[in-house]
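Student: Sequence first, then the predicted structure, then my questions.
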Amino acid sequence: MSIRNIIRKTPSKSIHKIRESFFNFPWEDWFLKRVRGLIIWYGWLFTALILLLILTDSSDTLAGLYILLLIGFLSALFLTLIPLRWLEKVIPLTIPFYLLFIHKFLFYTGAGVSPYWPMYLIPLVLASLLFRYAGIITVSLFIMGSHLFLEFSNIKRCPYILSHTTSS
């Protein structure tokens, strides 16, 4: 056998096959139901946390928190009502959206000194369940980058802190 014959017989993965293997998870229904329950629980918890923050804030609440509340409510409702088989396609997309929501929420609640930083753990758990080591490393890097941005952002420009320091 020559090298050309070996190369021709070696299956090559096209971009479409890689994408299909990335988004078509061979999950069983029991695992999918548990992951769905975790995602739905987290979505409603996140929405309730924003609502609690809005209700307990005595000063003028920022419009950004209302927008986050609306987006959180709609996404939690969508994830609650979506059929189980469609969820297989949606689950990988929830991780970047959760990271974006958490970043914006932490920005409004104190940036780098926000007490809500443990919210970053749920996307990390989801990534470890879905994408194993590559997911953990990738999401960890995004979390570190997001939190470093929050740490080094100007704390006086943080809307939530600014509203509480000017009122007292």
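Tutor: Perfect, thanks for sending it.
Student: which residues in the chain form helices?
Tutor: With DSSP state H, the ranges of helices along the chain come out as 3-9, 15-23, 29-56, 63-81, 84-108, 121-152, 159-167.
Student: Of those helices, which is nearest residue 115?
Tutor: Proximity to residue 115 (Cβ to Cβ) singles out helix 84-108 among the helices of the chain, at 9.6 Å. Yep, even glycine has a C-beta here, placed from its N, CA and C like the rest.
Student: Quick check, pLDDT for residue 144.
Tutor: Note on residue 144: pLDDT of 90.
Student: just residue 108 next, same as before
Tutor: In this model, residue 108 is scored at 78, pLDDT.
Student: Distance check, residue 32 against residue 111.
Tutor: Applying Cβ to Cβ, to the nearest Å, the value for residue 32 to residue 111 is 36 Å.
Student: Quick one: residues contacting the residue positioned nearest the centre of the chain.
Tutor: For the chain, residue 98 is the residue whose C-alpha lies nearest the centre (Cα atoms, centre = their mean; 2.0 Å). Contacts for residue 98 (Cβ atoms under 8 Å, 6 or more residues apart in numbering) come out as 42, 46, 122, 123, 126.
Student: Make a PyMOL selection of the buried ones in those residues.
Tutor: Here is the PyMOL selection string for the buried members of those, based on 16 or more other Cβ atoms under 10 Å:
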select buried, resi 42+46+122+123+126
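Student: still on that earlier bit, give me the more crowded residue out of residue 32 and residue 111.
Tutor: The neighbour comparison of residue 32 against residue 111 (other Cβ atoms under 10 Å) goes to residue 111, with 21 against 16.
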